[in-house]
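Visitor: please find the sequence and the predicted model below.
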Amino acid sequence: MVRSAAALARSAAALAIVTGLMTWAPGRALGQNDEGSAGRAIGGAALGAASGSMLALTGGLVGCNRTLRPSRCSRITTVAGAAIGLTAGAAIGWRNDSGLDDRLESAAFGAAAGAVVGVGLKYFIRQYEWIDVASASVLGLAVGASAQGSGFGFAVGGATGLLLWRFHPTVGPGGAVAWALGGMAVGGLADWVADAVRGGGSEPGGMPLSFSVAW
Amino acid sequence: MSWAVGMVALASGCASSHAMQQNPEDGSCPARNMASRSASQTERAAPDDLTWSGPAESRDIEQNNVWCRTVGRPVFRDLPAVRLEQANRVDSLAVLTWNINLGGGDVVAFMARELGLTCDPDGPAEREPPFHFVILLQEVYRLSATLPEVSPGPTIPWRIDSDPRPGGPRDIVEVAERCGLALLYVPSARNGPTEPGRRPEDKGNAVLSTLPLTDLAAIELPFEASRKVAVVATVRGPGGERIRVTSVHLDLASTLARTLISGNTTRLRQAMGFAEALESTESSITIVGGDFNTWSASEATLRRLALRFPDSPPWDGRPTRGPFPTDHILFRTVQGSRIDLVEDSYRRLEETYGSDHAGRIVWLRD
């Protein structure tokens, strides 16, 4: 009982630390109104880069592992995702004083949720350490900061992957997972870009997905 | 924050080295395994001439050593000398790979149905098998009272406890003795901690053969999530040519942090380390069978291994564990060799015999 309480306390402390670290810098920058748009742009860039890099890295994990040089592929996608997120986040922060508030809030929630999942995994997987809990938290932050786009992309990608697997069995479950993660990354990054193009903080609902067909 | 992001971006996809080295110095776990100590009847034949290779990175060495302290000695069981003469008359050879899920798979029934070898439950098989074979096994276990006492912890995997089934022994040493087969078994980890009332078990890879095994080697793979050791031996195949046979098992996944930092190259790093170590120790025909834990036949691990084993039979598109194509046989010949794979002989075995994996078979002939 004492051991469980101590473990629980350690877990709670880790959650608080990880979540705080993940959201402290952008939160501080975004919270200083006297710094004006420049401070918010910096905060937005930091949050966008964190989210974009992790989304791209995760999205490419399975797909890149189908190439002959998966490490190089992962590096390229991660840097590209970081650049997209950084640019979009800076643009949102620069243009709109409150454009990043919702994202910061959902990122903090995502980081906390990810850490909870990480702690759960740590108890079931004996080789997991606290760094894995932190990793899960960072992933949660990345997804949380672009929750709608990531979620939508994951759903569309996953459905596409399942369909492909059904009609082309060689796609296999690995292919379906690759589509789902890839969709999550594309959706999440598109969420950031769309928000930046809109000027940030516009109507909730996130992604302006519309299609026009030329006859 | 930006600094942290920059570090993530730069660090992602930075695969650790898979550099390997031969014969780690004394103080390493393999050296301790060689040290003499009281051994059971089945363990006393642990090979003194087993050569070891392993990763060169200090983190890998440390982790492998910690895990290795929990297991027993390797086991080598040779054939009666009379069979050596027969081996020189071999004109074809079946090579199989199978993950038997810690005793879930019934090896005795497998050999009876697939290979026509009936094991006498009261002693070594008297009659010869209809043809010679080598089985490359993964996730085999060995019961032994001499294993070190260990408590639950990060170096002790959860016990895989298959339902006991009638039909024969599952301990790999017992199987080899009952069936009169040559065996090289190298444990890589424990199967669960020490428990009162239960004989402790370790688990690993093995080579089981109707032909004598020589030039024994063990290759510790780069450490990812658990210690893995590939088992290597040489048999005299068709025409008396030397054939290097290898059983290997790669990790299913690493930890989350390592997966992200390495860009999901867990199995690739292990496979490249394994291939490098194998190439540094032999130049004969080589056949590798194993559970590569691959999600897809187009995974980088298999694509890169295919470059090193260019004569491998093409995958038939059939998965071996659920929907996953995890198990494969790789082949590399050498210039001037007369041995080749029998065309279209590479296939999946349909029956799983209680394991969660189907086996694979390929034929070699002169």
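Guide: Nice, I can see it. Numbers count the residues shown, from 1 in each chain, chains lettered A, B, ... in the order given.

Visitor: so where do the helices sit in chain A?
Guide: A:2-31, A:36-64, A:70-95, A:101-124, A:130-144, A:147-167, A:172-198 (DSSP state H).

Visitor: dump these into TSV; add distance to B:Ala233, mean pLDDT and mean neighbour count as well.
Guide: Quick note: C-beta positions are derived from backbone N, CA and C, even for glycine. As requested, those are exported to TSV (distance: least, C-beta to C-beta, whole Å; pLDDT from 0 to 100; neighbours: other C-beta atoms under 10 Å in any protein chain shown):
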stretch	distance to B:Ala233	mean pLDDT	mean neighbour count
helix A:2-31	46	54	16
helix A:36-64	35	90	26
helix A:70-95	32	93	23
helix A:101-124	37	92	20
helix A:130-144	37	94	25
helix A:147-167	39	95	18
helix A:172-198	32	94	23
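
Visitor: tabulate the ones you listed (CSV), appending distance to chain B.
Guide: Output for these, formatted as CSV (distance: least, C-beta to the nearest C-beta, whole Å):
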stretch, distance to chain B
helix A:2-31, 3
helix A:36-64, 4
helix A:70-95, 3
helix A:101-124, 7
helix A:130-144, 4
helix A:147-167, 8
helix A:172-198, 3
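
Visitor: for B:Gly336, which of these is the nearest?
Guide: The closest of the helices of chain A to B:Gly336 is helix A:70-95. By C-beta to C-beta, the value is 35.7 Å.

Visitor: counting contacts, what elements does that closest one pack onto?
Guide: On a contact count with 3 or more C-beta pairs under 8 Å, 6 or more residues apart in numbering or on different chains; DSSP states H and E, helix A:70-95 meets helix A:36-64, helix A:172-198, helix B:2-11.

Visitor: same for the longest one, what does it pack against?
Guide: Judged by 3+ C-beta pairs under 8 Å, 6+ apart, the packing partners of helix A:36-64 are helix A:2-31, helix A:70-95, helix A:101-124, helix A:130-144, helix A:172-198, helix B:2-11, helix B:256-262.

Visitor: and B:Asp316, which of the ones you listed is closest to it?
Guide: Short answer: helix A:172-198, nearest of the helices and strands packed on helix A:36-64 by C-beta to C-beta, at 14.1 Å.

Visitor: which intervals of the stretch 251-366 of chain B have sub-threshold pLDDT?
Guide: B:282 (pLDDT under 70).

Visitor: re the thing from before, and of the helices and strands packed on helix A:70-95, who's closest to B:His132?
Guide: Nearest of these (C-beta to C-beta): helix A:172-198, 34.7 Å.

Visitor: and the angle for the closest one with helix A:147-167?
Guide: Inter-element angle recorded for helix A:172-198 and helix A:147-167: 150 degrees (by axes from the mean of the first three to the mean of the last three C-alpha atoms, to 10 degrees).

Visitor: so how far is helix A:172-198 from its chain's centroid?
Guide: 10 Å (C-alpha atoms, centre = their mean, to the nearest Å).

Visitor: which strands or helices does that helix pack on?
Guide: Counting by 3+ C-beta pairs under 8 Å, 6+ apart, helix A:172-198 packs on helix A:36-64, helix A:70-95, helix A:130-144, helix A:147-167.

Visitor: what about the closest residue to A:Gly60 other than its chain neighbours, distance to A:Gly59?
Guide: Nearest residue to A:Gly60, sequence neighbours excluded (C-beta to C-beta, 6 or more residues apart in numbering or on different chains): A:Thr77, at 3.9 Å. As judged by C-beta to C-beta, to the nearest Å, A:Thr77 and A:Gly59 stand 7 Å apart.

Visitor: do the same with A:Asp191
Guide: Note on A:Asp191: its distance to A:Gly59, by C-beta to C-beta, is 13 Å.

Visitor: and the helices in chain B?
Guide: B:2-11, B:29-34, B:58-68, B:82-87, B:107-115, B:172-179, B:256-262, B:266-281, B:300-308.

Visitor: quick one: list the elements packing against the longest one.
Guide: In other words, helix B:266-281. Going by 3+ C-beta pairs under 8 Å, 6+ apart, helix B:266-281 lies up against strand B:20-22, strand B:51-55, strand B:214-220, strand B:229-236, strand B:242-249, helix B:256-262, helix B:300-308.

Visitor: now the longest one: buried residues?
Guide: By neighbour count, and taking 16 or more other C-beta atoms under 10 Å in any protein chain shown as the criterion, the buried residues in helix B:300-308 are B:Ala300, B:Thr301, B:Leu302, B:Arg303, B:Arg304, B:Leu305, B:Ala306, B:Arg308.
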